[in-house]
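1. Give me a 3D structure for the following:
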Amino acid sequence: MASRAGSERVLEKCRTTVESYGRIYGATRTVECKSCHFVTSCGLRFVKSMFDVLGQLAEAGLKSKVPLTANPRPLDRKQYPFLERLVGGYLYSKQEQLEDLLLRLGLMDREAFTCTPYYIGNKPSYGDVLAWAESSAVIYANSVIGARTNRNSSIIEIFSGILGETPEFGLLLDENRRASWLVEVKTSSKPDPFILGSLIGKTVGEDVPYITGLEKWGLEEYELKDMGSAMASWGAVGLFHAEGLTAEAREEGARLIKDAHRRLVVDDKALKEMEAEMAKGASPEKTDLIIIGCPHLSREQVSHWARRLEDRKFIKRTLMLAAPKIISDVKGSKDYQRLREAGVRLSSICPLMFTNIPTSKRLHIATVSGKLAYYSHAVFFREDALVETFTVRR
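-> Alright, predicted model coming up:
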């Protein structure tokens, strides 16, 4: 453990770095933050600088002043195919070291690894300022909850957590939370959240969209989560407003739309074209693995899938992903029994880290996730199509 003077020097380095980072984006001050979520949760053996920085923080005895969670683990030795267990174990050989460091820095607990921290106790309130970096969590916090966070760089978020402060710029400011796009959904049926989110993200880039036409379909909270994750992947959207559905849109309505804005009309044809792009290269007969849960599933989503698969069974190896705490809650329930009978295996991995294992490229992967389909070689299937293609009646 460092001396008090040594700890203060390390703390000052954190402050100098965070303030310099803020100035790059025009921040003139830092403001109190209420939560921290660390994005680089994989113990890659080659990322020496990250371990050096985290080690200095831990040796100085510094801890996050706010709730701290981290993205999912990269490994599941029980559920991975043998070759991926072998190669992944080498690639992520510093995982235990990383987790020990994060615990020393104030991680909520040893199982606080998920891309959905708001499901395991690190849930901010409306208006709270956060220091988060994970794209799907950032857009959820900003949009669904109405908290405020930028899509921060890795390490910056943990510096901010230690300081209890983060630079005030970007989506922390009112003027940058107004919409420069009006997206009008005019479809004949409820749109798939991942397809719609992918289309909007691809179109608007990093801008803020205001979406109308979804309120009549009554989207579930987790569908907003999934739609946002696709926007943040196929584009770089950090905040969206959905009329009557998201936090600020329920309060402000169309006043959130800038006078000078662009317009996107989404109809059945546009969604069909987007789906074709996402599903390009689909080969059901060659599929080796199905992955459901990117971002991690909510408890309600797990129940949804259990009902959906009540009399079905997957014909391909299937992983369903959720936070460790969600899985612990599911085990022993009727949902768990139904999923097991349907051939589903539950895990808490990050599927993106799984597909980063070089040998995984040999596997043909199907997914319902627009995010995973964008970032990896996995091929997208709508939920209905996935069930129809890869399950049989039991």
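
2. what about stretch 215-228, average pLDDT?
-> Within the predicted structure, the mean pLDDT of stretch 215-228 is 96.

3. Stretch 385-394 too?
-> Average pLDDT, stretch 385-394: 96.

4. list the buried ones in it?
-> Under the neighbour-count criterion of 16 or more other C-beta atoms under 10 Å, stretch 385-394 has 385-387, 389-391 buried. From N, CA and C alone the C-beta is placed, and that goes for glycine too.

5. Let's see which of those residues end up in helices.
-> 385-387, 389-390 (DSSP state H).

6. Looking at those residues, which is nearest Ala60?
-> Taking C-beta to C-beta as the measure, Leu386 is the one of these closest to Ala60, at 48.4 Å.

7. Test my guess that the closest one contacts Val368.
-> Yes. Contact criterion C-beta atoms under 8 Å: Leu386 and Val368 qualify, at 5.5 Å.

8. joint contacts of the two?
-> With contacts taken as C-beta atoms under 8 Å, 6 or more residues apart in numbering, Leu386 and Val368 have Ile292 as neighbours in common.

9. The helix or strand hosting His304 - contacts with which helices or strands?
-> With the criterion set as DSSP states H and E, the secondary-structure element containing His304 is helix 299-308. Under the contact definition 3 or more C-beta pairs under 8 Å, 6 or more residues apart in numbering; DSSP states H and E, helix 299-308 sits against helix 221-234, strand 289-297, strand 317-322, helix 324-330, helix 334-341.

10. List the pairing partners of the second one within its sheet, with orientation.
-> In the sheet containing strand 289-297, the strands it pairs with under DSSP bridges are strand 317-322 (parallel), strand 365-367 (parallel).

11. As CSV, those strands with mean neighbour count, distance to Thr114 and mean pLDDT would be great.
-> Supplementary listing: those in CSV, determined by neighbours: other C-beta atoms under 10 Å; distance: least, C-beta to C-beta, whole Å; pLDDT from 0 to 100:
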stretch, mean neighbour count, distance to Thr114, mean pLDDT
strand 317-322, 23, 8, 97
strand 365-367, 25, 18, 98
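
12. picking up where we left off before, any chance of the ones in helices among the buried residues of stretch 385-394 in a markdown table, with distance to Pro284 too?
-> Supplementary listing: those in a markdown table, determined by distance: C-beta to C-beta, whole Å:
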| residue | distance to Pro284 |
| --- | --- |
| Ala385 | 9 |
| Leu386 | 10 |
| Val387 | 12 |
| Thr389 | 5 |
| Phe390 | 7 |
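
13. between those residues, which is nearest Asn152?
-> Nearest to Asn152 among those is Leu386, at 33.5 Å by C-beta to C-beta.

14. Touching, Met108 and Leu68? I think so.
-> Yes. Counting by C-beta under 8 Å, Met108 touches Leu68, with 6.1 Å between them.

15. so what sits against both of those two?
-> Where contact means C-beta under 8 Å, 6+ apart, the residues bridging Met108 and Leu68 through contact with each are Asn122.

16. In terms of neighbours, single out the busier of those two.
-> When Met108 and Leu68 are compared for neighbours, Leu68 comes out ahead with 25 against 18, by other C-beta atoms under 10 Å.

17. Do I have it right that the more buried one meets Ser160?
-> No. With contact defined as C-beta under 8 Å, Leu68 and Ser160 do not form a contacting pair (10.6 Å).

18. just checking, next helix/strand downstream of the helix holding His304?
-> The C-terminal neighbour of helix 299-308 among helices and strands, as given by DSSP H and E, is strand 312-314.

19. Going by neighbour count, list what's buried in that next one.
-> Under the neighbour-count criterion of 16+ other C-beta under 10 Å, strand 312-314 has 312, 314 buried.

20. Neighbouring strands of that strand in the sheet, and parallel or not?
-> Its sheet considered, strand 312-314 pairs with strand 391-393 (antiparallel) by DSSP bridges.

21. How far off centre is the partner strand?
-> 30 Å (C-alpha atoms, centre = their mean, to the nearest Å).

22. most residues in a single helix of the protein, which one?
-> When the chain is scanned for its longest helix (criterion: DSSP H), the result is helix 4-24.

23. And that one, what does it pack against?
-> With contacts defined as 3+ C-beta pairs under 8 Å, 6+ apart, helix 4-24 has these neighbours: strand 30-32, helix 48-59, helix 156-163, strand 165-167.
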